[in-house]
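Student: here is the input, now give the coordinates:
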Amino acid sequence: MKHGKIVASRFNPAWWLPGGNLQTLWPYFFRRPVKIDLITERLELADGDFVDLCLTTTTRGPIVAVFHGLEGCIDSHYAKPILAAVKQSGWRGVFMHFRGCSGEYNRLARSYHSGDTGDIGFLIDHLRERFPGVPIAAIGYSLGGNALLKYLGETDRQGQIHAAVAVSVPYLLDEGAKKLNSGFSRVYQRHLLGCLQRKITGKFASKNSPGDCPIDVSNALQLNDFFQFDDKITAPLHGFAGADDYYSRSSSRQYLKSINAPTLLIHARDDPFMTETVIPLETELSGFVQLELAETGGHLGFVGGELPWHPVYWLEQRITEFLKTYL
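Tutor: A predicted model of the protein is given here:
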């Protein structure tokens, strides 16, 4: 059986942003906001919950669905730029907030997680029904990339998804959790964990709190790392036996060999959210999958350019270049 390829990325990093941490932090703190007109919609889900969408104003062309990373939203540094690039390419962009990520608590006790493919599938089915015959592509960042790859590999998606791109994916969730609990990476863990803790405690303290919370969230603020949080909060809230069960069943690496839609993976060896051990082998990739591996680029960074006041954000260029082959 033919397997995919791992090739060296053509990304040319900025000399003034050496290393994965600077590549990761620069766009988060310094990228100028991209202005784009968007239409917001609420998509009602079959279980009584909802997700909020942001759509470009384009009325024709293929559709590109975008899925964000952990605690991301439309204001994440990569969100509006990729939608602007999608629109400029003549396509229609649909950005989906995972449950509870649009600034409003979702209705049910459950939330979203790294292996949560149900809402991705619901959106794709909704788009196919709403726009019959229109080609659909998908882009996933970090957690959203992991969930997207799992979705693509779970069952036959040939013809449903014309092409997909996944960036800075934590292919092995347990390894990512370990890395984020070590060295400078604890800074990222502290920030993201704080967001999750505030959200879970605020949600169940609000007047619109779901009445049937299956877990005790009173100690959420005392959980000091991702393994503890996922073991006590994420796993029981979503039907897993614990963090190990959640990581094992939700990691996307095991699904890559089953993907049958053209898929590009973009990854940097120095991603500070995970170690190099998460990077899949060529034999684990299906013939539809290509992994472009950069020596540097950080996590959702990939910033080039000769001067700090003229940075080049390479991801949008590479993603749209790839999708144009199939759209």
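Student: now do stretch 194-208: everything it contacts.
Tutor: 70-71, 100, 105, 107, 111, 209-210, 213, 217, 220-221, 223, 229, 233 (Cβ atoms under 8 Å, 6 or more residues apart in numbering). C-beta coordinates here come from the backbone N, C-alpha and C atoms, glycine included.
Student: just the buried residues of those.
Tutor: Those of the contacts of stretch 194-208 that meet the buried threshold are 70-71, 100, 105, 111, 210, 217, 220, 223, 229, 233, by 16 or more other Cβ atoms under 10 Å.
Student: was I right about Arg31 contacting Glu316?
Tutor: No. Contact criterion Cβ atoms under 8 Å: Arg31 and Glu316 do not qualify, at 11.3 Å.
Student: who's more crowded, the two?
Tutor: Neighbour comparison, Arg31 and Glu316: the larger count goes to Glu316, with 20 against 15 (by other Cβ atoms under 10 Å).
Student: residue contacts, that one?
Tutor: Applying Cβ under 8 Å, 6+ apart to Glu316 gives the contacts 81-82, 84-85.
Student: what helices or strands is the host helix or strand of Arg42 leaning on?
Tutor: Using DSSP states H and E, Arg42 maps to strand 38-44. Helices and strands touching strand 38-44, by 3 or more Cβ pairs under 8 Å, 6 or more residues apart in numbering; DSSP states H and E, are strand 50-56, helix 118-130.
Student: mean pLDDT, mean neighbour count and distance to His267 added to these, as a markdown table?
Tutor: Listed next are the helices and strands packed on strand 38-44 as a markdown table, based on pLDDT from 0 to 100; neighbours: other Cβ atoms under 10 Å; distance: least, Cβ to Cβ, whole Å:
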| stretch | mean pLDDT | mean neighbour count | distance to His267 |
| --- | --- | --- | --- |
| strand 50-56 | 98 | 20 | 26 |
| helix 118-130 | 97 | 16 | 20 |
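Student: so can I have JSON lines of the ones you listed showing distance to Ala243?
Tutor: Output for the helices and strands packed on strand 38-44, formatted as JSON lines (distance: least, Cβ to Cβ, whole Å):
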{"stretch": "strand 50-56", "distance to Ala243": "25"}
{"stretch": "helix 118-130", "distance to Ala243": "20"}
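Student: show me what counts as buried in the strand holding Arg42.
Tutor: For strand 38-44, the buried set under the neighbour-count rule, 16+ other Cβ under 10 Å, comprises 38, 43.
Student: give me the residues contacting that strand.
Tutor: For strand 38-44, the external contacting residues (Cβ under 8 Å, 6+ apart) are 50-57, 74, 80, 83, 95-96, 122-123, 126.
Student: state the distance from the spatially most central residue of the chain to Pro170.
Tutor: Nearest to the mean C-alpha position of the chain, counting by Cα atoms, centre = their mean, stands Gly144 at 2.2 Å. Separation of Gly144 from Pro170 (Cβ to Cβ, to the nearest Å): 11 Å.
Student: excluding chain neighbours, what is closest to the residue nearest to the centre of the chain?
Tutor: Nearest residue to Gly144, sequence neighbours excluded (Cβ to Cβ, 6 or more residues apart in numbering): Phe67, at 3.1 Å.
Student: rewinding a little: export the strand holding Arg42 as CSV, just CAs?
Tutor: Extracted in CSV, the C-alpha atoms of strand 38-44 (Å, rounded to 0.1, in the frame of the first residue of the first chain):
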residue,chain,number,x,y,z
LEU,A,38,-17.9,38.8,8.4
ILE,A,39,-21.4,37.4,8.8
THR,A,40,-22.2,35.7,12.0
GLU,A,41,-24.6,32.7,12.2
ARG,A,42,-25.6,30.3,14.9
LEU,A,43,-25.7,26.6,13.9
GLU,A,44,-28.1,24.6,16.1
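Student: tell me the mean pLDDT over it?
Tutor: Strand 38-44 carries an average pLDDT of 98.
Student: for the remainder of this discussion, apply numbering that starts at 32.
Tutor: Sure, I'll start counting at 32 from here, so that last one is strand 69-75.
Student: chain center to it, what's the gap?
Tutor: With Cα atoms, centre = their mean, to the nearest Å as the basis, strand 69-75 stands 19 Å off its chain's centre.
Student: with only the CA atoms kept, save the host helix or strand of Ile350 in PDB.
Tutor: If you go by DSSP H and E, Ile350 is part of helix 345-355. Extracted in PDB, the C-alpha atoms of helix 345-355 (Å, rounded to 0.1, in the frame of the first residue of the first chain):
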ATOM      1  CA  TRP A 345       3.900  32.400   5.400                       C
ATOM      2  CA  LEU A 346       1.100  30.100   6.500                       C
ATOM      3  CA  GLU A 347      -1.600  31.800   4.500                       C
ATOM      4  CA  GLN A 348       0.500  31.800   1.400                       C
ATOM      5  CA  ARG A 349       1.300  28.000   1.600                       C
ATOM      6  CA  ILE A 350      -2.200  27.000   2.600                       C
ATOM      7  CA  THR A 351      -3.900  28.800  -0.200                       C
ATOM      8  CA  GLU A 352      -1.300  27.600  -2.700                       C
ATOM      9  CA  PHE A 353      -2.000  24.000  -1.700                       C
ATOM     10  CA  LEU A 354      -5.800  24.400  -1.800                       C
ATOM     11  CA  LYS A 355      -5.700  26.000  -5.300                       C
END
